[in-house]
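1. Build the 3D model from these lines:
(one chain, ligands or ions: 2)
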Amino acid sequence: MTESLPIALTVAGTDPTGGAGVLADIKSFHSREVYGMSAVTSLTAQNTMGVQDVFNVPADFLKAQLESIFSDEMPHAMKSGMIATEEMMRVLKKYVTKYEMPLVIDPVMISTSGHNLISEDAIDYLRDELLPAALTVTPNIMEAEKLTGVDIENEEDVRKAAKVFIEEIGVKSVIIKGGHLKGAAVDYLFEKDSETSLSSDRVDTHHTHGTGCTFSAVITAELAKGKTLKEAFHTGKNYITKAIQETPEIGRGDGPVNHFAYKGEL
Ligand SMILES: Nc1ncnc2c1ncn2[C@@H]1O[C@H](COP(=O)(O)OP(=O)(O)OP(=O)(O)O)[C@@H](O)[C@H]1O
Ligand SMILES: Cc1ncc(CO)c(N)n1
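-> Ligands and ions are numbered 1, 2, ... in the order given. Below you'll find the predicted structure:
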């Protein structure tokens, strides 16, 4: 008899060069010894130099993929990444409200290379309808600004934005990633009654393609194992720091992180 594995599902877009999106998520799940499943929202033609094209999967076909999964086996946790249109978000909302499991929303808006990955009118739906269904949301600074309307330049602003996320938008918790602020790379987890910040030295590199996807996927993998959000946050931070410190130098542009680098306890 083999032991059953924790299962994590990602609902996200693809990056054929494997640094971001679904492939980064599955690599992250796998390296944490979590069985990965995926439903694809968009196929992108992108590489380490930029995004060349995007093909959005018809919303009905996203529904078909989710139906295939949920009619067969229940994941223990799920995450969402790139969801380009409101129609796809409406489909996703049905599943995340029907089936109870920890949901991590990475509110992907723009690729590291600066390409828009979400239609402007889907942002309101994301904020008002999807975010409240999540256990946690993992915006970078720009995404947090866009979703809350708070300009963020320092730690005080991060706190103001977190207050809007929790008190006005109604999220249960939020992890604001300071990867794009000056100084050390500090990330903040705000839960209703607690605040945890984790800091690491900033690695002097431009190879940060897919850092956000990887970070949120590791958190999802840990939640699938039944870890607490605080524990998952710690593992996510340690994993991404190692993965950025030991980038594999793949591609001609801003390369991916190393999904083999972190060897922490499983
Ligand atoms: N140069 C760096 N050195 C150390 N840690 C970093 C660096 N850049 C980002 N991070 C960390 O990587 C994680 C992702 O943060 P970031 O703000 O880059 O997300 P993102 O912008 O959503 O990523 P993506 O580039 O995939 O869109 C965070 O834990 C952040 O602290
Ligand atoms: C498919 C996809 N999802 C997310 C990102 C953000 O890094 C990206 N570049 N591509």
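2. Show me what I176 bridges to in the sheet.
-> Y188 (DSSP bridges).
3. Residue numbers of the stretch 151-266 of the chain in contact with ligand 2?
-> 210, 212-213 (Cβ under 6 Å from any ligand atom). Heads up, the C-betas are built off the backbone N, CA and C, glycines and all.
4. now check the lengthiest strand in the chain, is it near ligand 2?
-> Ranked by residue count and defined by DSSP state E, the top strand of the chain is strand 35-47. Yes. Judged by Cβ under 6 Å from any ligand atom, strand 35-47 comes into contact with ligand 2 through T44.
5. Tell me where the protein has strands.
-> Using DSSP E, strands in the chain cover 7-14, 35-47, 50-56, 77-80, 103-105, 136-137, 173-177, 185-191, 194-200.
6. does V108 really touch M82, like I thought?
-> Yes. V108 is in contact with M82 according to Cβ atoms under 8 Å; the separation is 4.5 Å.
7. which neighbours do those two share?
-> 12-13, 117-118 (Cβ atoms under 8 Å, 6 or more residues apart in numbering).
8. Turn those residues into CSV, including distance to L126 and pLDDT.
-> Listed next are these as CSV, based on distance: Cβ to Cβ, whole Å; pLDDT from 0 to 100:
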residue, distance to L126, pLDDT
A12, 14, 98
G13, 15, 98
L117, 12, 94
I118, 7, 94
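9. and which of the residues you listed is nearest T196?
-> Nearest to T196, judged by Cβ to Cβ, of these is A12 at 25.8 Å.
10. Now the closest one: closest residue in space, sequence neighbours ignored.
-> With sequence-adjacent residues excluded and distances taken as Cβ to Cβ, 6 or more residues apart in numbering, A12 is closest to G81, at 3.1 Å.
11. Report how many residues lie close to the one you found.
-> 28 (other Cβ atoms under 10 Å).
12. Report the separation between it and G13.
-> 6 Å (Cβ to Cβ, to the nearest Å).
13. who touches both of those two?
-> Counting by Cβ under 8 Å, 6+ apart, the residues touching both G81 and G13 are 21-22, 41, 108.
14. how about low-confidence regions in the protein?
-> 1-2 (pLDDT under 70).
15. Which parts of this structure are helices?
-> 21-31, 59-70, 86-98, 122-125, 141-148, 155-163, 211-224, 229-245 (DSSP state H).
16. burial of the nearest residue to E153 once chain neighbours are set aside, as a residue count?
-> Leaving aside its chain neighbours, E153 sits nearest to L181 (7.8 Å; criterion: Cβ to Cβ, 6+ apart). For L181, the count of nearby residues is 19 (other Cβ under 10 Å).
17. show me what contacts L181?
-> By Cβ under 8 Å, 6+ apart, L181 lies in contact with 141, 152-154.
18. Just give me the neighbour total for L198.
-> Around L198 there are 18 residues (other Cβ under 10 Å).
19. For it, list each beta-bridge partner.
-> Beta-bridge partners, per DSSP bridges, of L198: D187.
20. number of nearby residues for K227?
-> Counted with other Cβ under 10 Å, the neighbours of K227 add up to 18.
21. wait, doesn't I83 sit right on L126?
-> Yes. Assessed by Cβ under 8 Å, I83 is found in contact with L126 at 7.4 Å.
22. The two: who's more crowded?
-> A count of neighbours by other Cβ under 10 Å puts I83 above the other of I83 and L126, at 29 against 23.
23. give me the number of residues near the spatially closest residue to S42 that is not a sequence neighbour?
-> Leaving aside its sequence neighbours, S42 sits nearest to G13 (Cβ to Cβ, 6+ apart; 3.8 Å). Per other Cβ under 10 Å, the neighbour tally for G13 reads 27.
24. again, but for T41
-> The burial count for T41: 30, using other Cβ under 10 Å.
25. For this protein, which residues are neighbours of ligand 1?
-> Within the chain, the positions adjacent to ligand 1 are 20, 112, 140, 177-180, 185, 187, 200, 202-203, 205, 208, 210-213, 215, 237, 240-241, 244 by Cβ under 6 Å from any ligand atom.
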